[in-house]
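Predicted structure and sequence below. I'll ask about it afterward.
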Amino acid sequence: MAEESQRPIIVKRIKKGGHGKHGGAWKIAYADFVTAMMAFFLLMWLLGSVSKGDLKGISDYFNTPLRTALMGGSSTGDAKSVIPGGGTDLTASAGQVHKGETEPRQLDEKELEAELEAREAARLAELKDKIEKAIEANPLLAPFRKQILVDLTPEGLRIQIVDEQNRPMFPTGSSNLAAYTRDLLREIGTILNDVPNRVSLSGHTDAATFGGGERGFSNWELSAERANTARREMIAGGMTESKVLRVVGLASAVGFPGAAPLDAVNRRISIIVLNRKTEKAITAESAAAPATPSPAGAARPAAPAPGGAPTR
């Protein structure tokens with residue numbers, strides 16, 4: 001009895017089964033649902049407030065994201081953008097908005113070419129003003145302003161340096177430049193680097209001929225040498241060599257408009273800053289012409305005898 005009274009009393013309690021407390025997973029699911037609905041309604045509101053042009057740009061982005069990333073801008077159809085694909089960028093073929101239009105439309109080839117020509121004409125007009133102001137501001141060149149003729153032609157911007165009776169650009173029968181002409185050509189050469197257009201140079205003489213006529217050294221050779229001398233001086237003034245597209249000697253074949261054949265104004269150097277259309281025509285003409293090898297050992301014709309009548 002004593003042993004049984006010393007044993008510990010063990011009480012077993014049986015827990016009744018029941019439902020546990022619910023977790024918080026449903027709150028996360030509900031928050032996701034609300035967020036998704038907010039995003040949906042925000043998307044619908046944005047789509048309702050965006051123009052058709054912008055919608056087209058958004059569609060283009062998701063179809064070709066790499067193209068849009070490379071071209072830049074908020075969208076390829078953004079009519080207010082000045083980057084390629086919209087606005088005033090004349091190199092773009094789409095996204096242009098014209099007066100009276102509300103949506104961008106595709107420009108055809110003729111319209112695009114016309115806009116490019118208009119932009120180029122404006123750039124050449126600015127170059128004309130810049131050259132005239134540079135000459136006026138240079139005290140060494142201002143006295144020769146009357147000998148410098150600058151005008152716009154169908155070929156581009158033409159700069160002509162002409163002779164005066166008592167102020168020639170070259171000594172008689174020579175291609176050596178006078179000091180003032182050298183300074184003027186170097187000044188022009190520096191300014192022409194401001195535009196991407198290429199340049200054509202031509203030399204002209206009056207109708208007076210050498211004693212040997214056209215068979216020996218003539219106005220053709222003299223005018224070509226003078227044009228090439230002008231090219232060298234412009235490059236010495238800082239003009240990039242690759243800008244020169246053509247150097248020709250025209251002798252007296254193209255006289256100054258309204259001048260008599262022997263007038264001093266016929267003796268001139270003509271520099272033309274070519275527009276795109278003329279440059280393409282010259283390049284195409286050169287590419288189409290067959291190559292004609294010059295005879296081996298060809299020598300320059302001898303200079304005229306001192307008794308001949310030299311030209312200017």
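Received the coordinates, thanks.

can we go C-alpha only for contacts and neighbour counts from here?
OK.

which residues in the protein form strands?
Under the criterion DSSP state E, the chain contains strands at 148-153, 156-162, 199-204, 244-249, 268-274.

who touches the third one?
Looking back up the chat, that one is strand 199-204. The set of residues external to strand 199-204 that reach it, using CA atoms under 8 Å, 6 or more residues apart in numbering, is 223-228, 230-231, 243-255, 266-274.

Quick one: buried ones out of those?
Buried members of the contacts of strand 199-204, counted by 16 or more other CA atoms under 10 Å: 223-228, 230-231, 243-252, 255, 266-274.

about what we covered before: distance to residue 168 and mean pLDDT added to the strands of the chain, as TSV?
Below are the strands of the chain laid out as TSV (distance: least, CA to CA, whole Å; pLDDT from 0 to 100):
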stretch	distance to residue 168	mean pLDDT
strand 148-153	13	89
strand 156-162	8	91
strand 199-204	13	94
strand 244-249	18	94
strand 268-274	9	93
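
now for those strands, which one comes closest to residue 30?
strand 268-274 (70.9 Å; CA to CA).

Please find the angle between the direction vectors of the closest one and strand 156-162.
Angle, strand 268-274 to strand 156-162, by axes from the mean of the first three to the mean of the last three CA atoms, to 10 degrees: 170 degrees.

For residue 209, the count of nearby residues, please.
Using other CA atoms under 10 Å, residue 209 has 20 neighbouring residues.

Next: residue 170.
Neighbours of residue 170 using other CA under 10 Å come to 18.

now it: how far from residue 126?
Distance, residue 170 to residue 126, by CA to CA, to the nearest Å: 30 Å.

Check residue 10 too.
110 Å.

Comparing these two, which residue is more hemmed in?
residue 126 (11 against 6).

Show the pLDDT at the more buried one.
Note for residue 126: predicted pLDDT of 87.

and what of residue 49?
77.

so who does residue 183 touch?
Neighbour list for residue 183: residue 141 [criterion: CA under 8 Å, 6+ apart].

Tell me the spacing between it and residue 138.
10 Å.

try residue 186
From residue 186 to residue 138 the distance is 12 Å (CA to CA).

Compare the two (neighbour count), which wins?
residue 186 (20 against 12).

what about the closest residue to that one other than its chain neighbours, how many residues close to it?
Once flanking residues are discounted, residue 186 sits nearest to residue 237: 3.9 Å by CA to CA, 6 or more residues apart in numbering. Using other CA under 10 Å, residue 237 has 19 neighbouring residues.

about what we covered before: any chance of the strands of the chain in CSV with distance to residue 44 as columns?
As requested, the strands of the chain are exported to CSV (distance: least, CA to CA, whole Å):
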stretch, distance to residue 44
strand 148-153, 56
strand 156-162, 54
strand 199-204, 57
strand 244-249, 58
strand 268-274, 54
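
For residue 284, find the nearest of the ones you listed.
Minimum separation from residue 284 across the strands of the chain (CA to CA) falls at strand 244-249, 12.2 Å.

Need the residues that contact that closest one.
198-204, 220-228, 231.

got it, and stretch 121-138?
Contact partners of stretch 121-138, identified using CA under 8 Å, 6+ apart, comprise 141, 142, 145, 150, 151, 152, 156, 157, 188, 191, 192, 195.

Now do the buried residues in that stretch.
Buried-residue list, stretch 121-138, by 16+ other CA under 10 Å: 121, 124, 127, 128, 131, 132, 134, 135.
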